[in-house]
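[1] Build me a model from this:
(2 chains)
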Number of protein chains: 2
Amino acid sequence: MPDTDAINAAIAYSYFENQRGYDTEAVALGEPNDEEKFVLNYFDQKAPRVIETAANEVDEVMLVDHNEFQQSVSDIADVTITHVVDHHRIANFNTTLPLYYRAEPVGCTSTILWEMFNQYDVEIPAKLAGLMMSAIISDTLLLKSPTTTDVDREAVKALAKIANVDYEKYGIEMLKAGTNLSSKSDQELIDQDAKTYTINGTTVRIDQVNTVDLSEVNDRKDGLLKAMEAESKDKGYDLFLLLATDVLNSNSDLYVYGTPTDAVEKAFSITLKDQQANLPGVVSRKKQVVPQLTDAMNA
Amino acid sequence: MPDTDAINAAIAYSYFENQRGYDTEAVALGEPNDEEKFVLNYFDQKAPRVIETAANEVDEVMLVDHNEFQQSVSDIADVTITHVVDHHRIANFNTTLPLYYRAEPVGCTSTILWEMFNQYDVEIPAKLAGLMMSAIISDTLLLKSPTTTDVDREAVKALAKIANVDYEKYGIEMLKAGTNLSSKSDQELIDQDAKTYTINGTTVRIDQVNTVDLSEVNDRKDGLLKAMEAESKDKGYDLFLLLATDVLNSNSDLYVYGTPTDAVEKAFSITLKDQQANLPGVVSRKKQVVPQLTDAMNA
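    Got it, this is the predicted structure:
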């Protein structure tokens, strides 16, 4: 499921290149999630058409917010990639021809696009500014994630001015809209944003659930742990971590099923109680969970 | 042997990033060639230090004018690549962390750097402008190669103005300086800029020799063909092409040893006479030789 940046960066970049003379259509690799539905509705923007393949329609594509082939259309190797704008590592990516590639280690692809609109003097319409601002708020959790850079902060403020939106007030509403947990089953929650890692021979599953109220997750602890147990047995995970993140207060609760629990305790300097512990200040799986756990398990 | 762009782009990019607060040193992966020696002497610039490995000195590197790992320092996988500026395809390249990557399908890396100096309002000193201008003249053969774009043309003119140099007059002198064939043996000439390709099961060697006088090469035809024959037998090449390119008049003579000659004739719509033919307008091995030969041999 594409996130707010993936969809809005596609809309913004397509607009940018069309202003510069290309003929592009923004498309998405899936339906918008709850947060993005709120954003599209707020700014009265239609969701892009969903595609699974590209070569049946076009010879050339531009990619935003990703580059690794396994994250793209299934037939990405059959089309020519002419442009990429992204803020991720580069891996499993190659071309036979020179291309435009614009990457920066900032919090959000839409931040890079904001710089490009400025560089090439392309005016940003108010509605588009709102979409780009939403993407940055989403990726940086309202500029609180450790992935946030000064350029992200500058971009959000400039875009909020163009969109004429109070970004802090809007951002809280938007993040809340993306955390409607009550409509989801335990199984859906432990699966919705889960990734599998192999660390020192151990298979580790780490799921992250965003919320504006950690007690909402805690109330469902028994059911969630049962689902994690069943899933671990079914899929062969040794260790299953559920990271419930309070996106407004930059704080997480960790729920643990499986072993080794001593490595988990060591990684975060915590003592688990009833398979649970609080991780103050932790919001980023990529920066604040995976490296620490990797170090502890390899020690 | 690094070319003029490889070395001068390193010097220019190092200057750029140091102006922006980094502490970098421009280094090279080899000694300057004859053309670049002329350029460095003309603008009174010291050649960068030559390195073969990086991890023994630093943790982080920036790459210019290349990205494929096999073209870089031998221990490239042991250091963190934080920045890349390049105008080639992306292949055999990956990182574990997000980075700055700036690629454009233009004729020269120094052209992209010129855009970056402008974008970030970094002033270009006259001497540096001369080095960057030389790089673009070198990569585009004085703006005549089919790889040349409008941005390359604009960059050369702007840089020539800063450097206070008549770029057309200077460019001819510079290209001539890079084509001092008389000091080189036949063996050196057939090897100095040669690449091997496997096309439809056939091993093809293609060497390119730049000159300002095609007759200078033609006078040595017998010796060159003998060297190509010996090298083919020694290394197992089925087909050896020597492309002698007049860099001032955008024109090439082709010398051929081996088979299949019918595919060569078909590729360029020529009839070989005594293992030789003229290829009017051909200057780029990448764009005007390899694809045509590949098509003919696969037909």
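
[2] Might you enumerate the residues of the stretch 51-200 of chain A proximal to chain B?
    A:87-105, A:119 (CB under 8 Å from any CB of the partner chain). C-beta: built from backbone N, CA, C; applies to glycine.

[3] Filter those down to just the ones in strands.
    Under the assignment DSSP state E, these contribute A:100-103 to strands.

[4] Now render these as CSV, adding pLDDT and neighbour count.
    Output for those, formatted as CSV (pLDDT from 0 to 100; neighbours: other CB atoms under 10 Å in any protein chain shown):
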residue, pLDDT, neighbour count
A:100, 98, 16
A:101, 98, 24
A:102, 98, 21
A:103, 98, 24
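
[5] Is the closest residue to residue A:142 other than its chain neighbours in a helix, a strand, or coil?
    Closest residue in space to residue A:142, ignoring its immediate chain neighbours: residue A:171 at 4.4 Å, by CB to CB, 6 or more residues apart in numbering or on different chains. Assigned state for residue A:171: helix (three-state reduction, DSSP: H, G, I helix; E, B strand; the rest coil).

[6] pLDDT weak spots in the stretch 1-150 of chain A?
    Low-confidence segments of the stretch 1-150 of chain A, defined by pLDDT under 70, are absent.

[7] And the strands in it?
    Assignment of strands within the stretch 1-150 of chain A using DSSP state E, counting those that start in this stretch yields the ranges A:27-28, A:49-50, A:60-64, A:80-86, A:100-103.

[8] Same list (those) but as TSV, adding distance to residue A:202.
    TSV is the format used below for those (distance: least, CB to CB, whole Å):
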stretch	distance to residue A:202
strand A:27-28	35
strand A:49-50	36
strand A:60-64	33
strand A:80-86	30
strand A:100-103	32
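
[9] mind checking how far residue A:158 is from residue B:277?
    According to CB to CB, to the nearest Å, residue A:158 and residue B:277 sit 60 Å apart.

[10] do the same with residue A:150
    For residue A:150, the distance to residue B:277 - CB to CB - is 60 Å.

[11] Neighbour count: those two, which is higher?
    residue B:277 (18 against 8; other CB atoms under 10 Å in any protein chain shown).

[12] Could you give the separation of the host helix or strand of that one from the chain centroid?
    Element membership for residue B:277, per DSSP states H and E: strand B:276-280. A distance of 22 Å separates the centroid of the chain from that of strand B:276-280, by CA atoms, centre = their mean, to the nearest Å.

[13] For it, buried residues please.
    Using 16 or more other CB atoms under 10 Å in any protein chain shown as the test for burial, strand B:276-280 gives B:276-277, B:279.

[14] Nearest to chain A, out of those: which one, please.
    Minimum distance to chain A across the buried residues of strand B:276-280 is 22.4 Å, recorded for residue B:279 (CB to the nearest CB).

[15] which non-adjacent residue is nearest the closest one?
    In space, residue B:279 is closest to residue B:252, 4.6 Å off (CB to CB, 6+ apart).

[16] wait, doesn't the one you found sit right on residue B:246?
    Yes - Residue B:252 is within contact range of residue B:246, at 6.9 Å (criterion: CB atoms under 8 Å).

[17] Looking only at neighbour counts, state which of these two leads.
    residue B:252 (29 against 20).

[18] partner residues bridging that one?
    residue B:245, residue B:279 (DSSP bridges).

[19] What of residue A:239?
    residue A:204, residue A:258.

[20] Next, count neighbours for it.
    23.

[21] got the contact list for it?
    A:202-205, A:256-260, A:264 (CB atoms under 8 Å, 6 or more residues apart in numbering or on different chains).

[22] Looking at these, which one is closest to chain B?
    The closest of these, once distances to chain B are taken by CB to the nearest CB, is residue A:204, at 17.5 Å.

[23] Reformat the buried residues of strand B:276-280 into CSV and put pLDDT and distance to residue B:179 next to each item.
    Formatted as CSV, the buried residues of strand B:276-280 follow (pLDDT from 0 to 100; distance: CB to CB, whole Å):
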residue, pLDDT, distance to residue B:179
B:276, 97, 19
B:277, 97, 21
B:279, 97, 18
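
[24] Out of these, flag the one nearest to residue B:4.
    residue B:279 (24.2 Å; CB to CB).

[25] just checking, the closest one touches residue B:254?
    Yes - if you go by CB under 8 Å, residue B:279 and residue B:254 touch, sitting 5.4 Å apart.

[26] Name the residues contacting each of those two.
    What both residue B:279 and residue B:254 touch, as defined by CB under 8 Å, 6+ apart, is the set B:243, B:268, B:270.

[27] Give me the spatial nearest neighbour of the first one, chain neighbours excluded.
    Of all residues beyond its chain neighbours, the one nearest residue B:243 is residue B:208 (4.6 Å), with distances taken as CB to CB, 6+ apart.
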